[in-house]
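A.B. asks: Dropping the sequence and predicted coords here.
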Amino acid sequence: MTMAPHPVVQAIIDLSAGAIGGAACVFSGQPLDTAKVKMQTFPTLYRGFVHCVVSTYKQVGVRGLYQGTTPALMANIAENSVLFMSYGFCQQVIRFAAGLHKDAVLR
């Protein structure tokens, strides 16, 4: 049986995991979101989703598909970090309230 890390260490781990998850979400979804917004803003300019992505890529390159990434990164990293840390904290509260060992797996 392994021992659970110190609560502060666990909070740092949860914050880091949330930050990495938030960044991964933005980097994987930003090109799709950029194309969606362009199609909503200029409804007659593009024939469809693929045309929008290809046109943006031809005009600006990959950089054009990642427009607006910085604010999205800041928001998602902050949100997911707090969410992950809060989830871990709530699990510890439930374990304490139920009288379980701090390493017990919740199901």
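C.D. replies: Happy to help now that I have it.

A.B. asks: Would you mind confirming that Tyr46 makes contact with Met39?
C.D. replies: Yes: contact criterion CB atoms under 8 Å: Tyr46 and Met39 qualify, at 5.4 Å. Yep, even glycine has a C-beta here, placed from its N, CA and C like the rest.

A.B. asks: any residues in contact with both of those two?
C.D. replies: Cys52 (CB atoms under 8 Å, 6 or more residues apart in numbering).

A.B. asks: buried set for the helix or strand hosting Gly21?
C.D. replies: Under the assignment given by DSSP states H and E, the secondary-structure element containing Gly21 is helix 7-41. Of the residues in helix 7-41, those buried under the neighbour-count criterion (16 or more other CB atoms under 10 Å) are 10-11, 14-15, 18-19, 21-23, 25-26, 30-31, 33-35, 38-39.

A.B. asks: show me the contacts for Met3.
C.D. replies: For Met3, the contacting residues are Asp103, by CB under 8 Å, 6+ apart.

A.B. asks: Use 56 as the first number for this chain going forward.
C.D. replies: Sure, I'll start counting at 56 from here, so that last one is Met58.

A.B. asks: okay, it: pLDDT?
C.D. replies: Confidence at Met58, expressed as pLDDT, is 72.

A.B. asks: what residues are up against the residue nearest the centre of the chain?
C.D. replies: With the centre of the chain defined as its mean C-alpha position, the nearest residue by CA atoms, centre = their mean is Gly77, 2.1 Å away. Contacts were defined as CB under 8 Å, 6+ apart; by that measure Gly77 touches 128, 131-136.

A.B. asks: let's go with 6 Å and repeat that
C.D. replies: With CB atoms under 6 Å, 6 or more residues apart in numbering as the criterion, the residues that contact Gly77 are 131-132, 135.

A.B. asks: Would you mind measuring from it to Glu134?
C.D. replies: Distance from Gly77 to Glu134, counting by CB to CB, to the nearest Å: 7 Å.

A.B. asks: One more: Lys157?
C.D. replies: Where Glu134 is concerned, Lys157 sits at a distance of 27 Å (CB to CB).

A.B. asks: Also Ile68?
C.D. replies: Taken as CB to CB, the spacing of Ile68 relative to Glu134 amounts to 18 Å.
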